[in-house]
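Peer 1: show me how the following folds:
(one chain, ligands or ions: 1)
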Amino acid sequence: MAAPAQDDLAAYLEERRQPVEAALERAVSVLLSGVAEDVRRAAHHGVTSGGKRLRPILCVTSFEACGGQPAPAVYDLAASLELIHAYSLMHDDLPCMDDAELRRGRATTHRAHGEDATMRAGAALIPAAALQALDACRAIGCERERAVAVTRALLEAAGAGGMVGGQWIDLMGEGRALGGAELDGLHRRKTGALLEASLVMGALAAGASPILQGALREYGAAIGLAFQIADDILDATQTAETLGKNPSDAAFDKSTYVALYGLDEARKRAQEQVERAIAALGTAGLEAPMLRALARYVVERDR
Ligand code: GRG
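Peer 2: Numbering: from 1, shown residues only. Prediction:
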């Protein structure tokens, strides 16, 4: 079956974004209701200031591809991934890390609400995301063991073996030229782990078979790498105004796929990962046209 046309994908992304935004609004107001006003405002800024919402959309799409019935609680589960993603961007933009002024075309959270509130809000989002995932699983109807497995997938991806560990390697690698295997290892953790978890969490919550879970994990790992290669290509070829964020990788003397392989080879490698992701679906007999379209979107996106 052919993948949906680009227009269909754009409509799908827009249609799915709306319930994701609603779930994020619910999450911020409920989970941070007892905290100081400056922290709540910083969290609200970091979580609800746009973005593609790719991770939650992948989670919901995976859930449905595995036969799960869409319900608001599925979006609450998906939102837990975005809470982790949001905290990582808020902290990554701080002066002690990238010292960024612009994110998603707006002032970064600390520029708008101060460093102190941004640090505290980001830290509060981590346990809030875990609670959000656990509660959403129960609302979906997952039994205890499955709810724990889903939440565990989120926390493992966010932790030292995943995103945080990848960020450590990234920071330590600044100013040093990393080889291909090192770069893959770094980005499988820093960027790939949470994208992979998006697929795995959706599959687990839907009660997918081990074969489907494996296929979605493989798909997630491949699009995770493709996503980062595409990010490096965008960073090298687009302006900060177009991307709505700064500073660029070059400002930190970071190793990138473009620096290592050049633009053409980087594009080829990204495409290979997309094909690998789509093949993983086929091998498991998963008829999932939107997942195929999303894999292509990961490398064709313009921001
Ligand atoms: C203190 C070592 C240490 C870690 C703290 C800051 C941090 C945790 C982790 C940083 C992780 C990070 C910044 C990963 C980058 C992932 C990435 C490619 C982000 C861009 O994702 P998009 O394009 O963004 O999906 P939007 O804006 O669309 O949501």
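Peer 1: the residue in the stretch 51-200 of the chain that the ligand sits nearest to: neighbour count?
Peer 2: Relative to the ligand, the nearest point of the stretch 51-200 of the chain is Gly51 (3.0 Å; Cβ to the nearest ligand atom). From N, CA and C alone the C-beta is placed, and that goes for glycine too. Residues lying near Gly51 (other Cβ atoms under 10 Å) number 22.
Peer 1: can you tell me the SS state at the residue most central in space within the chain?
Peer 2: The centroid of the chain falls nearest to Arg55 when counting by Cα atoms, centre = their mean (4.2 Å). Secondary structure, DSSP: H, G, I helix; E, B strand; the rest coil: Arg55 is helix.
Peer 1: tell me the contacts of it?
Peer 2: The contact partners of Arg55, by Cβ atoms under 8 Å, 6 or more residues apart in numbering, come to 78, 81-82, 85, 194-195, 198.
Peer 1: at 10 Å instead, please
Peer 2: Contacts for Arg55 (Cβ atoms under 10 Å, 6 or more residues apart in numbering) come out as 20, 78-82, 84-85, 157, 194-195, 197-199, 201.
Peer 1: same thing with Val274?
Peer 2: Contact analysis of Val274 by Cβ under 10 Å, 6+ apart lists 219, 222-223, 225-227, 229-230, 292, 294-300.
Peer 1: okay, helices next: where are they in the stretch 51-200 of the chain?
Peer 2: 54-65, 72-92, 109-113, 115-140, 144-158, 163-173, 180-187, 193-205 (DSSP state H, counting those that start in this stretch).
Peer 1: just name the most buried of the ones you listed.
Peer 2: Using mean count of other Cβ atoms under 10 Å, the stretch among the helices of the stretch 51-200 of the chain with the largest mean neighbour count is helix 193-205, at a mean of 28.
Peer 1: next SSE downstream of that one?
Peer 2: Following helix 193-205 in sequence order, the next helix or strand is helix 210-237 (DSSP states H and E).
Peer 1: buried stuff in that following helix?
Peer 2: 212-236 (16 or more other Cβ atoms under 10 Å).
Peer 1: the residues you listed also near the ligand: which ones?
Peer 2: With Cβ under 6 Å from any ligand atom as the criterion, these include Asp231 near the ligand.
Peer 1: low pLDDT regions in the protein?
Peer 2: The chain contains residues with pLDDT under 70 at 1-3.
Peer 1: and it, which residues reach the ligand?
Peer 2: Within reach of the ligand by Cβ under 6 Å from any ligand atom, the chain has these residues: 51-52, 54, 85, 88-89, 91-92, 104, 163-164, 167-168, 190-191, 231.
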